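[1] no sequence on this one, just coordinates:
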């Protein structure tokens, strides 16, 4: 059962992380906070206080010096990363100079941690009945959250967990090259780059010449076959290449067959696959491999015989297919599997890493 302590702990941790990010920005002179950060804390304050703050910067501001306001409850907030007395006094002076009177309770929310004490402008603070208690920081939010009833505490927790990643992205500092660690390219798998070596392919060629005798295919056939395999494998995500390598390595025993047209393939029983592989997206990998013609699925077909009524075996045919104009080495998959197994090269290297540089 999730307890109050769990919600409170996660709220405090996430808000503290945000405060530390803001502090790091301030040390570099980056004190600006964008509208998204204002909206983030607007929602937290609304749940926390049971009010209806709106972002006063959505359009041209009619309340300079203030970022959030609730005209019904007469409360307004300035959201800032600056914690100095000068910032506090300048905010109040801006409100005064622009004759903003709709809000009689003004607060400063520092996204970070406030100073131990402030030098007040007595006349200015007096005009707004402003006190140090009106200066809030992350600790203030956490202390007020602790006092909330469970439903509101849970609502704040849910909102923070939902939005915190975006907040951290907004506060991120770029490196010297102007790049961000959360750039989308850091979440996208790079395109695979096959690794070839002509001498390695010669080793492969000589292995089969020595094993079977004769010259029933040429080095051009070998090069063409590996080029095609590398190109097709590179189109697949890494996890899908791993799944294909697994299918080849754990294929059904004595399952080599020849299809119509002279292409060879291995089988993998579907029921066996589901029992030995607990991977959560088997169907997704099967769809991708089928689309790229690395496997074909033989659907189960009903059998109706005199003494037996039931279903035939459902299995996957593991293969390497290609255009006959660009791929003439029909039994390539047979020779490749034989080579990998007998030379103990491993399916990871050739199929997953697409590395044909060292046999």
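    Thanks, I have it. The model shown is predicted, which means the values in this text are computed figures rather than measured ones.
[2] switch to C-alpha atoms for all contacts and neighbour counts from now on
    Fine.
[3] And the helices in this structure, which stretches?
    For the chain, the helices defined by DSSP state H occupy 4-27, 35-49, 85-97, 122-127, 138-146, 150-170, 198-212, 219-233, 238-249, 270-276, 282-291, 332-343, 347.
[4] what comes into contact with the last one?
    Defining contact as CA atoms under 8 Å, 6 or more residues apart in numbering, one finds that helix 347 is touched by 245-246, 249, 340.
[5] Which members of those define the maximum pairwise distance?
    Greatest spatial distance in the contacts of helix 347: 246 and 340, 13.0 Å, computed using CA to CA.
[6] wait, residue 81 sits on residue 33?
    Yes. Between residue 81 and residue 33 there is a contact under CA atoms under 8 Å: 7.1 Å.
[7] Of these two, which one has the most company?
    Neighbours per residue (other CA atoms under 10 Å) separate residue 81 from residue 33, with residue 81 holding more: 23 against 15.
[8] Need the phi and psi values for that one.
    Main-chain torsions, residue 81, degrees, to the nearest 10: phi -100, psi -10.
[9] pLDDT score assigned to it?
    If you check residue 81, the pLDDT there is 87.
[10] ok, it - contacts?
    Here residue 81 is in contact with 22-23, 26, 31-33, 110-112 (criterion: CA under 8 Å, 6+ apart).
[11] gap between the nearest residue to residue 113 once chain neighbours are set aside and residue 296?
    Using CA to CA, 6 or more residues apart in numbering and skipping residues adjacent in sequence, the residue nearest residue 113 is residue 137, 5.3 Å away. Per CA to CA, to the nearest Å, residue 137 is found 61 Å from residue 296.
[12] Residue 212 now?
    Counting by CA to CA, the gap from residue 212 to residue 296 is 29 Å.
[13] who's more crowded, those two?
    Under the criterion of other CA under 10 Å, the comparison of residue 212 against residue 296 puts residue 296 first, with 19 against 10.
[14] Quick check: bridge partners of the more buried one?
    residue 317 (DSSP bridges).
[15] Touching, it and residue 314? I think so.
    No. The pair residue 296 / residue 314 is not scored as a contact, 11.0 Å apart, by CA under 8 Å.
[16] Just among the contacts of helix 347, which is most surrounded?
    Ranked by neighbour count (other CA under 10 Å), the contacts of helix 347 have residue 245 at the top, with 19 neighbours.
[17] Quick one: residues contacting that one.
    Counting by CA under 8 Å, 6+ apart, residue 245 has contacts 347-348, 351-352.
[18] same thing with residue 196?
    355-357.
[19] Residue 241 reaches residue 352, doesn't it?
    Yes. Assessed by CA under 8 Å, residue 241 is found in contact with residue 352 at 5.1 Å.
[20] What count of nearby residues applies to residue 18?
    When neighbours are defined as other CA under 10 Å, residue 18 has 19 of them.
[21] Repeat that for residue 90.
    For residue 90, the neighbour count with other CA under 10 Å is 14.
[22] How much space separates it from residue 202?
    Counting by CA to CA, the gap from residue 90 to residue 202 is 77 Å.
[23] circling back to that earlier point, quick one, which of the contacts of residue 196 are buried?
    Among those, those buried by neighbour count (16 or more other CA atoms under 10 Å) are 355-356.
[24] what about the stretch 1-150 of the chain, any weak spots by pLDDT?
    For the stretch 1-150 of the chain, residues meeting the criterion pLDDT under 70 lie at 1-2, 30-31, 59-63.
[25] make that the stretch 201-350 of the chain, sorry
    By pLDDT under 70, the weakly predicted segments of the stretch 201-350 of the chain are 214-215, 261, 299-312, 321-330.
[26] mind running it again at 50?
    For the stretch 201-350 of the chain, residues meeting the criterion pLDDT under 50 lie at 323-327.
[27] nearest to residue 43, of the contacts of residue 245?
    Proximity of those to residue 43 was ranked by CA to CA; the top entry is residue 352 with 46.5 Å.
[28] how deep is residue 295 tucked in, by neighbour count?
    Counted with other CA under 10 Å, residue 295 comes out at 25.
[29] what residues are up against it?
    By CA under 8 Å, 6+ apart, the residues touching residue 295 are 286, 289, 316-320.
[30] Run a quick neighbour tally on residue 75.
    Using other CA under 10 Å, residue 75 has 18 neighbouring residues.
[31] Now that it has come up, it's in contact with residue 106, right?
    Yes. Using CA under 8 Å, residue 75 is in contact with residue 106, at 5.9 Å.
[32] Switch the contacts of residue 295 over to JSON lines; also include neighbour count and distance to residue 58.
    Listed next are those as JSON lines, based on neighbours: other CA atoms under 10 Å; distance: CA to CA, whole Å:
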{"residue": "286", "neighbour count": "19", "distance to residue 58": "48"}
{"residue": "289", "neighbour count": "21", "distance to residue 58": "49"}
{"residue": "316", "neighbour count": "23", "distance to residue 58": "57"}
{"residue": "317", "neighbour count": "24", "distance to residue 58": "59"}
{"residue": "318", "neighbour count": "24", "distance to residue 58": "58"}
{"residue": "319", "neighbour count": "22", "distance to residue 58": "58"}
{"residue": "320", "neighbour count": "22", "distance to residue 58": "57"}
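[33] Please identify which of these is nearest to residue 206.
    Distance to residue 206 across the contacts of residue 295 (CA to CA) is lowest for residue 320, with 21.8 Å.
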